[in-house]
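take this sequence and fold it.
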Amino acid sequence: MMLNCDLGESYGAWTMPVDGQIMVHIDMANIACGFHGGDPLTLQKAIRLALEHNVTIGAHPSYPDLQGFGRRSLAMAEDELIACLHYQIAALDGMARAQGGRVEYVKPHGALYNDMMQNTELRRSVLKAMTQGPVPDIPLMIQAHPDHEQLTLEAAEFGVVLLFEAFADRRYTAQGYLLSRKQAGAVLNEEEAFAQATRLMDEGVIIANDNSVLAMPVDTLCVHGDSPGAVAMAEALRVALTKRKLSHIRPGTNA
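Residues are numbered from 1 along each chain as shown. Coordinates of the predicted model:
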C-alpha cells in the first residue's frame, strides 16, 4: 500500500506550508494544476521536491473554481470538461518534463472527484478524457468503493487502469462515499484517522458513519495536506506501513 497527499495548492499570498515537510513521508504527490490552487511557481517547487525525494508525480485537476478551492460542483458539457482536464494535465506534465520528470497518474480533485464517483455519465467523460489525453496509458486514481469490480470493468472499456484510494482522515457513508464536509465529523481527528488507516492496512475494511463495515481493495492511502496535523499523520502512517512491510519479510531473506 502506498501513501499519497494532495500538494502544490498554494496560490499567490495564500500558502499551504506542508509540501516540503510531508514529501519525505509519501510515495505519491497529487499536484494541483492551477484550476483550484497552485500558481506556476508553486507547481514548479512541488515538482522539484517530488523529484528530489523520488516521489511519483500525479496530476490533480479540478473544475475551474479557484474561488471555491474546487469544492463546488459545476455543470460542464462533456467537451468542455475534457478540454479542461487536458489543459491541466498537459500543463503539469510540461512543467514536470522541464525538470526531468513526468506525470504518471491522474487524480481528480474535490467536487469533480466526488461527483465523478456518484455520476456514471460524468465518470465516463473523465475516462474518455484519459484515453484521449496528453499523457497516454497512465492510471486514474479514484475512491476505493464496495462496487470496485464494476468500476474496474467500466474503466477497462476505455483501456484505463484504476488506482483505488482510501482516505485516512475522512468519514464514510454507508453507501461507501465520503461524508460531506458540510456535516459534523466528516473530517477525522488524528487519533481517529490513524485508527481508520491501520484498520485498512490490517483488515481492508472501513467503519462507516452508521457503524456498518465496508470491505474494499485499497492501493493507496491519502492524507490531506490541509488537514490539521497532516505531517505528523503522514509520518505515523509511514512508520506503520514500513513495520507491516518488514513483518512480511522472512528472517534471513531480502524479499
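
point out where the stretch 1-150 of the chain drops to low pLDDT.
Applying pLDDT under 70 to the stretch 1-150 of the chain flags residues 13-18.

now do the contacts for the nearest residue to Gly110 once chain neighbours are set aside.
Computed as Cβ to Cβ, 6 or more residues apart in numbering, the closest residue to Gly110 that is not its neighbour in sequence is Gly70, at 3.7 Å. The C-beta positions use only the backbone N, C-alpha and C, and glycine is treated the same way. Contacts for Gly70 (Cβ atoms under 8 Å, 6 or more residues apart in numbering) come out as Phe35, His36, Gly37, Ser62, Tyr63, His109, Gly110, Ala111, Leu112.

Asn189: which of those residues is nearest?
Distance to Asn189, by Cβ to Cβ, is smallest for Gly110 among the contacts of Gly70, at 21.5 Å.

element containing the residue nearest to Gly110, please.
Using DSSP states H and E, Gly70 sits in no helix or strand.

what's the spacing between it and Arg199?
From Gly70 across to Arg199, the span is 29 Å (Cβ to Cβ, to the nearest Å).

before we move on, what about Gly20?
30 Å.

also Met233?
15 Å.

same check, this time on Cys5
Per Cβ to Cβ, Cys5 is found 20 Å from Arg199.

neighbour count: those two, which is higher?
Remark: of Cys5 and Arg199, Cys5 carries more neighbours, 27 against 14, as counted by other Cβ atoms under 10 Å.

show residues contacting the one helix or strand that one maps to.
Using DSSP H and E, Cys5 sits in strand 2-7. Applying Cβ under 8 Å, 6+ apart, the contact partners of strand 2-7 are 16, 18-19, 22-23, 25-32, 46, 50, 58, 60, 107, 109, 141, 165, 219-226, 230, 234, 237-238, 241.
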